[in-house]
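S.K.: coordinates only, sequence not included:
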């Protein structure tokens, strides 16, 4: 029996319920996809908890990979049997099978497995827009990447190095710091045991970094501003430790005429062309061996509540996938 994970009220992982589903034939412009692997991301926990409000009851999950089972009218370029993946579109990836808009799908090239795609689509597309478009990293740029042992962080460290950056990375604990170094970070700092602001300044000869990529949020936001060079850019793209504090724009002036942005993936893949180009760039660096995708945890989709618990308590490293 096909099933989906849904929730009718916001709260902890216990609100997630497995329910049987019968998926109709795809409507015009839609495709039915049989999932082989589903991605787990922090944004899922924000939506489940109510930090990012969604209309209830709701499905959950933003990325998956699988095989096209059926194609609705007015869909070109896709056929039953095609291997596809997606990140974004309507919530509902936590399911064995589903219909979704065809324009949200990208074809998987040979060499990219279903599990690899599910592990990297949302996180990899996030790294793509952060490094190539929010602040376009140039050779020689010093950059600070927080949560370097996480899913986005691992991809971002490797990709930034391939772009010629000097990478300063933070992570929690000796094992995660060692992982960041193994991925190519020039300097890896244990934010739990070190003064990471001072260490970042030291690593850059007192100049600071050109950009901070911060998916942690509350715990790192203000300190990150002190890591930036004059006219540097603060990119806050996640809230793993909670929402960032409100600040006066004057603070950005006082700390060096800084730039501050809070981007989201949807605004960087808003058109079909943007999505395809971003996915192509991601697939290229993975297939070229410049970015390795590590799947550190696999859970049965039916055990998604435990996966959410482990993610929220920082027990996971790198990417996590759910298997229907």
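M.R.: Arrived safely. Predicted, not measured: the structure shown is a model, and the values here were computed from it.
S.K.: List the contacts of stretch 152-162.
M.R.: For stretch 152-162, contacts defined as Cβ atoms under 8 Å, 6 or more residues apart in numbering pick out 120, 123-124, 126-128, 130-131, 137, 143, 145-148, 167, 169, 171, 179-180, 183-185, 213, 215, 237-238, 285, 290-294, 318-319. Any C-beta I mention is one placed from the backbone N, CA and C, and that applies to glycine too.
S.K.: Return the members of those classed as buried.
M.R.: 120, 123-124, 126-128, 130-131, 137, 143, 145-148, 167, 169, 171, 179-180, 183-185, 213, 215, 237-238, 285, 291, 293-294, 318-319 (16 or more other Cβ atoms under 10 Å).
S.K.: So which of those belong to strands?
M.R.: Among these, the members falling in strands (DSSP state E) are 143, 145, 167, 169, 171, 213, 319.
S.K.: Switch those residues over to TSV; also include distance to residue 42 and pLDDT.
M.R.: Output for those, formatted as TSV (distance: Cβ to Cβ, whole Å; pLDDT from 0 to 100):
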residue	distance to residue 42	pLDDT
143	21	98
145	16	98
167	21	98
169	18	98
171	16	94
213	14	98
319	12	84
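S.K.: And those, which is closest to residue 18?
M.R.: When these are compared for distance to residue 18 (Cβ to Cβ), residue 319 wins out at 22.7 Å.
S.K.: center of this structure, which residue is that?
M.R.: residue 123 (2.7 Å; Cα atoms, centre = their mean).
S.K.: Give me the helices and strands touching the longest strand seen in the chain, please.
M.R.: Assignment by DSSP E gives strand 30-40 as the longest strand of the chain. In terms of contact count using 3 or more Cβ pairs under 8 Å, 6 or more residues apart in numbering; DSSP states H and E, strand 30-40 is assigned the packing partners strand 63-71, strand 83-87, strand 97-101, helix 114-129, helix 304-312, strand 319-323.
S.K.: Please tell me I have it right and the residue nearest to the centre of the chain contacts residue 319.
M.R.: Yes: using Cβ atoms under 8 Å, residue 123 is in contact with residue 319, at 6.4 Å.
S.K.: For residue 16, list the residues it contacts.
M.R.: Under the criterion of Cβ under 8 Å, 6+ apart, the neighbours of residue 16 are 5, 6, 7, 48, 60, 304, 305, 308.
S.K.: Apply 10 Å and report the result again.
M.R.: Counting by Cβ atoms under 10 Å, 6 or more residues apart in numbering, residue 16 touches 5, 6, 7, 44, 48, 60, 94, 304, 305, 307, 308.
S.K.: Which helix or which strand is home to the second one?
M.R.: Here residue 6, judged by DSSP states H and E, is contained in strand 3-7.
S.K.: tell me what that strand is packed against?
M.R.: strand 17-20, helix 42-49, strand 58-59, strand 97-101 (3 or more Cβ pairs under 10 Å, 6 or more residues apart in numbering; DSSP states H and E).
S.K.: can you tell me the average pLDDT over it?
M.R.: Here strand 3-7 scores 98 as its mean pLDDT.
S.K.: now the strands for the stretch 201-324 of the chain?
M.R.: For the stretch 201-324 of the chain, strands defined by DSSP state E, counting those that start in this stretch occupy the ranges 209-214, 228-236, 259-261, 295-300, 319-323.
S.K.: Tell me which of the ones you listed lies nearest to residue 108.
M.R.: Closest among the strands of the stretch 201-324 of the chain, using Cβ to Cβ: strand 319-323, at 14.7 Å.
S.K.: Measure how the closest one sits relative to strand 3-7, angle-wise.
M.R.: Compare the direction of strand 319-323 with that of strand 3-7 by axes from the mean of the first three to the mean of the last three Cα atoms, to 10 degrees and you get 120 degrees.
S.K.: So in that sheet, which strands flank strand 319-323, and in what orientation?
M.R.: Using DSSP bridges, the strands paired with strand 319-323 in its sheet are strand 30-40 (antiparallel), strand 295-300 (parallel).
S.K.: give me the element residue 112 is part of.
M.R.: Residue 112 belongs to no helix or strand, assigned by DSSP H and E.
S.K.: To what extent is it buried, counted in neighbours?
M.R.: By the measure other Cβ atoms under 10 Å, the count of residues near residue 112 is 20.
S.K.: Fine, thanks again, bye for now.
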